[in-house]
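>>> Structure of the sequence below:
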Amino acid sequence: MKSIRYISYFLLFSLVLSACSFLDREPLGKAVDSVSYYNEYENARMAMNACYNALVAEKPGKSGVYQEWNYGEVMSDNAWKGDKFFSDGLDLQDLKEWNGINTSQISFNPYDGLFQTIHRTNTALNGIEQSSAYDGEQKDRLLGEGYFIRGYAYFYLLRLFGGVPLFTKPVSVDQIGVTPRATLEEMTAQIKSDFELAANLLGTKKEMEMGLATSGAANAYLARLIMYDIGIYKTGIGQWNDVMTYTNKVINSGEYWLADNLATIWEAEGENGPGSIFELQHETSNTGATRANTGTNSPRAVNPRGNSVNKGWGWGQLCPSQDLVDEFEAGDPRLEWTVGKENDLAYGIPQGLPEFEAQSGYFMRKVIMDPALRGNNNTDHPQNQRKMRYADVLLMHAEAAYHTGNVGMAQSKLNEVRARARKMTYPMGWTADEPNGYAPRDNSGVLPDVNATGDELLQAILHERRVELAAECTRTWDLIRTNNYAAALSKPNIGYRPNTDPQTVSTRMQSHSINGSIPVLPIPAGEVISYNLKQNPGY
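Numbers count the residues shown, from 1 in each chain. Take a look at the predicted model:
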């Protein structure tokens, strides 16, 4: 059971004042943007929960659904968009081919949803900071959560859009239309500041309630931010030795380790496990297809569509590319866990793949869900979103060690990840007689330790990131920060429409890049008009 639920506390932010219509009666409530509201700890706790709720909400208003894998995987060489036809979810197909427009829902949805998160967080932080009803640890941790959530939201916006308007207080009327987009330097400095404040104020994983942000999560995201800045934004907020420092804080905390069986970590039993550093929580709430539910639509989206022989349940999105399949070393047990094909069993049931034009011939096995857990509504399934895992931290540490000249440490952390992979079983339900079990496998002789040095070692680390973290929304940014994105988009058979030239896609991407090197989505047209913002290149 998940101990923290991001339930419908966002309704608080639609309330102005719950007062009766007669002047001689006391108000029934307090405005959520008033300081007096935050003088009660439980109110402050609910307001901060509302910030998590906004962060996990994949249904901003009526604009539709977005998932981080739309951007971190489908826009890379790892995955096709999937679905039935290329015209299904055309906004995403256009985005994959770097032919998006500034009225695209797939661009508007995260922009809208993340700014809702920022608005709620600034409102909560403003009230909590001014309250003197509770001090010390309680207040520090609430503030730390707010800084982490705001930093997380702005980091997400930075990756997708570049600089956006920066607000650290609730937006006032006189700021509308006159607040410019922040520079890249201003963005990275603010995000770093938020994560640093969070790291200092939050408790450890043991000290925080399950599902809440922790000091370990803040340090891990500081490492990721600096790693991305080194390769993408180049604003100088840190160097590789800083990545070493922040990953060391996570590693040396003793609170995280690699789960024995990698095959379990995307199953229900693996939620909030020993390698979970930050995980967005979802539970089925049976509240219908509304933002009031606490589930996710991702399992329905990524499960196989099925065919006449093997019936399916899902929409068949996020289809692995042949290029991803070919990246796995011979015998790597992570392949069957990550990628499924026709007639593979999952949860003891043969999976079917249709021969639709938008299908790659594979399904993303890692992130589908046990059919016994399905919710009653497409958007209300109980699968947590794994946002940061310990394996990622180890590989960031390995890469930082390489760049700072510590070859032995780089090899050690890389091989720690590979050694865990050698111990894994087949994914759950690999055989019909054990639909909820893990069939053992002999992995002897595969994934030998890496003893390479020089560029060969660096390429081994980047390879390991791709196969270990496939479907976990890091691929696009790893390609961009290592200057390999243009070449990756030029590959054939990674999900473009038949008459689309891969080299043309790569060229279009570069025309939509800040400074010619930082590819970005269009700022939604309505936001450009309402806030008088400068549009991104090429849109």
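>>> May I have the beta-bridge partners of Glu279?
Glu279 forms beta bridges with Arg386, as assigned by DSSP bridges.
>>> going forward, begin numbering at 388 instead of 1
Renumbered: residue one is now 388, and that last one reads Glu666.
>>> Neighbours of it, how many?
20 (other C-beta atoms under 10 Å). For the C-beta atoms, the positions are set from N, CA and C on the backbone; glycine is no exception.
>>> is it true that it touches Gly657?
No: in this structure, Glu666 is not within contact of Gly657 by C-beta atoms under 8 Å, at 9.9 Å.
>>> got the residue ranges for the strands in the stretch 788-926 of the chain?
900-901, 905-906 (DSSP state E, counting those that start in this stretch).
>>> per-residue confidence at the closest residue to Lys728 other than its chain neighbours?
Leaving aside its sequence neighbours, Lys728 sits nearest to Tyr749 (C-beta to C-beta, 6 or more residues apart in numbering; 5.6 Å). On pLDDT, Tyr749 comes in at 98.
>>> just Asn764 next, same as before
82.
>>> One more: the one 3 residues further on?
Note on Asp767: pLDDT of 86.
>>> Which of the strands of the stretch 788-926 of the chain sits closest to Tyr458?
Tyr458 lies closest, by C-beta to C-beta, to one member of the strands of the stretch 788-926 of the chain: strand 905-906, at 10.6 Å.
>>> which residues sit against the closest one?
For strand 905-906, the surrounding residues in contact (C-beta atoms under 8 Å, 6 or more residues apart in numbering) are 485, 549, 571, 619-620, 867, 872, 896-897, 899-900.
>>> Kindly recompute the last result at 7 Å.
549, 619-620, 867, 872, 896, 899-900 (C-beta atoms under 7 Å, 6 or more residues apart in numbering).
>>> so where do the strands sit in the stretch 388-537 of the chain?
Secondary structure of the stretch 388-537 of the chain (DSSP E, counting those that start in this stretch): strands at 466-469.
>>> quick one on the thing from earlier: the residue nearest to Lys728 contacts Glu729, doesn't it?
No: under the criterion of C-beta atoms under 7 Å, Tyr749 is not in contact with Glu729, lying 8.9 Å apart.
>>> Looking at these two, which is more packed in?
Between Tyr749 and Glu729, counted using other C-beta under 10 Å, Tyr749 has the larger neighbour count: 24 against 17.
>>> Who wins on neighbours among the contacts of strand 905-906?
In those, the most neighbours by other C-beta under 10 Å go to Tyr872, 25 neighbours.
>>> sorry, back to before: output the contacts of strand 905-906 in TSV; the columns should cover distance to Asn513.
Listed next are those as TSV, based on distance: C-beta to C-beta, whole Å:
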residue	distance to Asn513
Gly549	27
Ile619	31
Tyr620	28
Ile867	35
Tyr872	39
Met896	39
His899	36
Ser900	36
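>>> Can you tell me which of these is closest to Gln738?
Tyr872 (31.4 Å).
>>> shouldn't the closest one be in contact with Leu866?
Yes: Tyr872 is within contact range of Leu866, at 4.1 Å (criterion: C-beta under 7 Å).
>>> Need the per-residue pLDDT for the residue lying closest to Tyr615 once chain neighbours are set aside.
Of all residues not flanking Tyr615 in the chain, Arg868 sits nearest, at 5.6 Å (C-beta to C-beta, 6+ apart). For Arg868, the model assigns a pLDDT of 98.
>>> same thing with the one 4 residues further on?
pLDDT for Tyr872: 98.
>>> List the contacts of it.
866, 906.
>>> how much space is there between it and Gly739?
Tyr872 sits 34 Å away from Gly739, going by C-beta to C-beta, to the nearest Å.
>>> what do you get for Leu612?
For Leu612, the distance to Gly739 - C-beta to C-beta - is 42 Å.
>>> again, but for Gly623
52 Å.
>>> Which one's more surrounded, the two?
Gly739 (19 against 11).
>>> State the distance from the more buried one to Gly748.
12 Å.
>>> quick one, helices of the stretch 738-887 of the chain?
For the stretch 738-887 of the chain, the helices defined by DSSP state H, counting those that start in this stretch cover 777-790, 794-809, 841-855, 862-868, 872-876.
>>> helices and strands around the fourth one, which ones?
Based on contacts counted as 3 or more C-beta pairs under 7 Å, 6 or more residues apart in numbering; DSSP states H and E, the elements that helix 862-868 packs against are helix 456-459, helix 602-615, helix 841-855.
>>> Any idea what Pro707 is bridged to?
Residues in beta-bridge contact with Pro707 (DSSP bridges): Ala466.
>>> one step back: just checking, the residue nearest to Tyr615 touches Leu612?
No: counting by C-beta under 7 Å, Arg868 stays clear of Leu612, with 11.3 Å between them.
>>> who's more crowded, those two?
Per other C-beta under 10 Å, whichever of Arg868 and Leu612 has more neighbours is Leu612, with 24 against 16.
>>> So that one sits against Ser580, correct?
No: contact criterion C-beta under 7 Å: Leu612 and Ser580 do not qualify, at 10.8 Å.
>>> in which helix or strand would I find Thr634?
Mapping Thr634 onto the secondary structure by DSSP states H and E places it in helix 627-639.
>>> Now do the buried residues in that helix.
Buried residues in helix 627-639, counted by 16 or more other C-beta atoms under 10 Å: 627, 629-634, 636-638.
>>> before we move on, the earlier item: please name the residues that touch the residue nearest to Tyr615.
Contacts of Arg868 by C-beta under 7 Å, 6+ apart are 614-615, 618-619.
>>> cool, and Thr651?
Per C-beta under 7 Å, 6+ apart, neighbours of Thr651: Gly657.
>>> Near the closest residue to Gly699 other than its chain neighbours, how many other residues are there?
Leaving aside its chain neighbours, Gly699 sits nearest to Gly693 (2.1 Å; criterion: C-beta to C-beta, 6+ apart). Residues lying near Gly693 (other C-beta under 10 Å) number 17.
>>> cool, and the one 5 residues further on?
A count of nearby residues for Lys698, using other C-beta under 10 Å, gives 13.
>>> Which residue is the nearest non-sequential neighbour of it?
Gly739 (6.7 Å).
>>> these two touch, right, that neighbour and Asn690?
No: with contact defined as C-beta under 7 Å, Gly739 does not count as touching Asn690 (10.8 Å).
>>> what is in contact with those two at once?
Between them, Gly739 and Asn690 share the contacting residues Gly699, judged by C-beta under 7 Å, 6+ apart.
>>> now what about stretch 907-915, what contacts it?
Residues contacting stretch 907-915 (C-beta under 7 Å, 6+ apart): 487-491, 494-495, 498, 547-549, 899-901, 920, 922-923, 926.
>>> just to revisit the earlier point, quickly list what's touching both of Arg868 and Leu612.
With C-beta under 7 Å, 6+ apart, Arg868 and Leu612 have no common neighbours.
>>> How many residues are close by the nearest residue to Phe743 once chain neighbours are set aside?
Leaving aside its chain neighbours, Phe743 sits nearest to Lys471 (4.6 Å; criterion: C-beta to C-beta, 6+ apart). The tally of other residues near Lys471 (other C-beta under 10 Å) stands at 16.
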